[in-house]
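Participant: sequence plus the predicted model coming up.
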Protein chains: 2
Amino acid sequence: MRVKTAQLRKGTGLGQAKRIASSGHIPLPRGGSAHAAVAEALGTRIVRGEFPPGGILPNEARWALDFRVSRSVVREAIKMLAAKNLLTSRPKVGSRVEPREHWNLLDHEVLAWYTSGPNRANILRSLQQFRHIIEPEAAALAAEYRSAEQMEQISIACQRMATAPNLAERSAADVRFHVEILKASGNELLLPLGVMIDSALKNLFVLITVEAGDLHHAQDLHNNIEKAIRQQKPNAARVAVRKLLENSDNMIGKWIGKGTRR
Amino acid sequence: MRVKTAQLRKGTGLGQAKRIASSGHIPLPRGGSAHAAVAEALGTRIVRGEFPPGGILPNEARWALDFRVSRSVVREAIKMLAAKNLLTSRPKVGSRVEPREHWNLLDHEVLAWYTSGPNRANILRSLQQFRHIIEPEAAALAAEYRSAEQMEQISIACQRMATAPNLAERSAADVRFHVEILKASGNELLLPLGVMIDSALKNLFVLITVEAGDLHHAQDLHNNIEKAIRQQKPNAARVAVRKLLENSDNMIGKWIGKGTRR
DNA sequence: TTGTCTTATTTGTCTGACAATTGCGGGAGT
DNA sequence: ACTCCCGCAATTGTCAGACAAATAAGACAA
């Protein structure tokens, strides 16, 4: 965070209130670099719908005033958002928010902004549903095409899950287990997608682990997956993963049922 | 393109050849804005493996010299690549290329750079495989949860495919058909993912359409999908989509078999 | 050998200026 | 009154130079 302490510009009582107010000083979250902070602030507000798709947002100079940063910083932030397809910029017209279907929702930053917003329940549901689509097929592909080394990695992760001394390490091994399966699937796109899903559901993940009173059962489910892949039985792998997901669905159901508000 | 004609810096015979050569003038593709051009140039070279993951790339000043642009432009380009997780920057150390599994492969620009590179066959194979995983389930979900309006849109697209006067319009209707199904699936992540896949396979798409001597057959396959979703039969929808994909697999096989090099 | 200090390099930020683009309104011509 | 063209102004795009901050690497002392 490089924002100067002093350097308060004088009044700037320029008459505006044209398109959107957005007046006054907006404090930036401390800790990172300024452009990242601005990008996060803008990105969050866009994703939350504060600036509707198709709309024009305030110009760079205005943001510079509001955030008390230079225009360079604002520009770099806007370029980052443009790289995520949240908006496009054109001279004279400004930066226009793209329609939602153009947004790169698969970007983990965008996803994080999304899950911090109002309709996070909706997106979390979509994510879990996504796992049902992706993971059984990934396991089936892994069972079919895995190499010996990849199998080795999967087994290591599985064993580490079983012998983990605490929940944190167990959760880490769990993620590793998933990732290794995705790697073994041989599909280059499955890996980043799976990583993205896992990191987005990370919170959910540890909660499930905590909630699972019956760790033995959960471990059995994982062992079954490992075995199916080891024996190169795609269908068995599919079924085993479905069982595991079913289990975690139940955990989520319990968790929601418990009335865990926010 | 805003690069000045004049303004040729003098010699700059500074001794270096430190990490990577990259000396001399690198011309930028004409047509867009400078930062977009630089981002594309750098992104392409990174994705193609010219700068290996974990490596440090030349500093901003150097790129500014090589591309004959200001450092601001280089910085904005680098920020765009950082937003796609291709690299991270830290003071004093420079910009380091991230490991490939961190790259946002689901970004359509990154994907485009990828498909223009050497191992495009590999990535195209992964994409088509992806369709086998995604689309049947999407259609099943659509069959289950579609609204009346969504069904209407799907039918319209299907009919428009049948009555299209030329290949271009037929291809457009085809894409629309897919997108409407994804929308009807009710999963917010399926839509952007599907759009991304379709746009990446666009070229492949039209080729398939061209290649398909038997348009009637292809249309029947689409009609079956439409019917299954209309009748809200998820399993039938899954099967119908699988048939369609099988057909397009065959077309791709034929096309490759024909010896279409390059 | 180890810990600390200095230094050099690189990104980060600020500032001010000008260029390029283009939506919009006003004026000329019919 | 209507249409077309042109200049204006607002906004992003680009440039240049300066300084701040961070930190890796080497120098030096204990």
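Facilitator: Done, it's in.
Participant: show me where chain A dips below the pLDDT cut-off.
Facilitator: Within chain A, the segments meeting pLDDT under 70 span A:1-23, A:203-213, A:255-262.
Participant: get me the contact residues on it for DNA strand D.
Facilitator: Within chain A, the positions lying close to DNA strand D (CB under 7 Å from any atom of the strand) are A:1-2, A:18, A:59-61, A:71-72, A:75, A:78, A:89-95. To be clear about C-beta, it is placed using only N, CA and C from the backbone, and glycine gets the same treatment.
Participant: what's the closest non-adjacent residue to A:Thr115?
Facilitator: The shortest distance from A:Thr115 to any non-neighbouring residue, by CB to CB, 6 or more residues apart in numbering or on different chains, is to A:Ile123 (5.9 Å).
Participant: look up how far A:His35 lies from the residue of the stretch 51-200 of chain A found nearest DNA strand D.
Facilitator: Taking CB to the nearest atom of the strand, DNA strand D has its nearest neighbour within the stretch 51-200 of chain A at A:Asn59, 3.2 Å off. Going from A:Asn59 to A:His35 by CB to CB, to the nearest Å gives 17 Å.
Participant: those two: which is more packed in?
Facilitator: A direct count of neighbours by other CB atoms under 10 Å in any protein chain shown for A:Asn59 and A:His35 places A:His35 higher, at 23 against 14.
Participant: which residues touch the more buried one?
Facilitator: Contacts for A:His35 (CB atoms under 8 Å, 6 or more residues apart in numbering or on different chains) come out as A:Val73, A:Glu76, A:Ala77, A:Met80, B:Lys79.
Participant: and if you look at A:Val97?
Facilitator: A:Ile46, A:Phe51, A:Pro52, A:Pro53, A:Gly54, A:Gly55, A:Ile56, A:Leu57, A:Leu86, A:Leu87.
Participant: hang on, the earlier thing: can you report phi and psi for the residue of the stretch 51-200 of chain A closest to DNA strand D?
Facilitator: With angles defined as degrees, to the nearest 10, A:Asn59 sits at phi -80, psi 170.
Participant: thought A:Gly94 was touching it, still the case?
Facilitator: Yes: using CB atoms under 8 Å, A:Asn59 is in contact with A:Gly94, at 5.7 Å.
Participant: mind checking which helix or strand A:Thr88 is in?
Facilitator: Using DSSP states H and E, A:Thr88 sits within strand A:87-90.
Participant: list the neighbouring strands of the helix or strand just after that strand plus their orientation.
Facilitator: Sequence-wise, the next helix or strand downstream of strand A:87-90 (DSSP H and E) is strand A:94-97. Partners of strand A:94-97 in the sheet, by DSSP bridges, are strand A:56-57 (antiparallel), strand A:87-90 (antiparallel).
Participant: show me what secondary structure element comes after strand A:94-97.
Facilitator: Later in the chain than strand A:94-97, the nearest helix or strand by DSSP H and E is helix A:108-115.
Participant: buried ones in that next one?
Facilitator: For helix A:108-115, burial by neighbour count (16 or more other CB atoms under 10 Å in any protein chain shown) applies to A:His108, A:Glu109, A:Val110, A:Leu111, A:Ala112, A:Trp113, A:Tyr114, A:Thr115.
Participant: that older thread, which residues does the residue of the stretch 51-200 of chain A closest to DNA strand D contact?
Facilitator: With the criterion set at CB under 8 Å, 6+ apart, A:Asn59 makes contact with A:Gly94, A:Ser95.
Participant: widest-spaced pair of the contacts of A:Val97?
Facilitator: Across the contacts of A:Val97, the longest distance by CB to CB is 13.5 Å; it joins A:Ile56 and A:Leu86.
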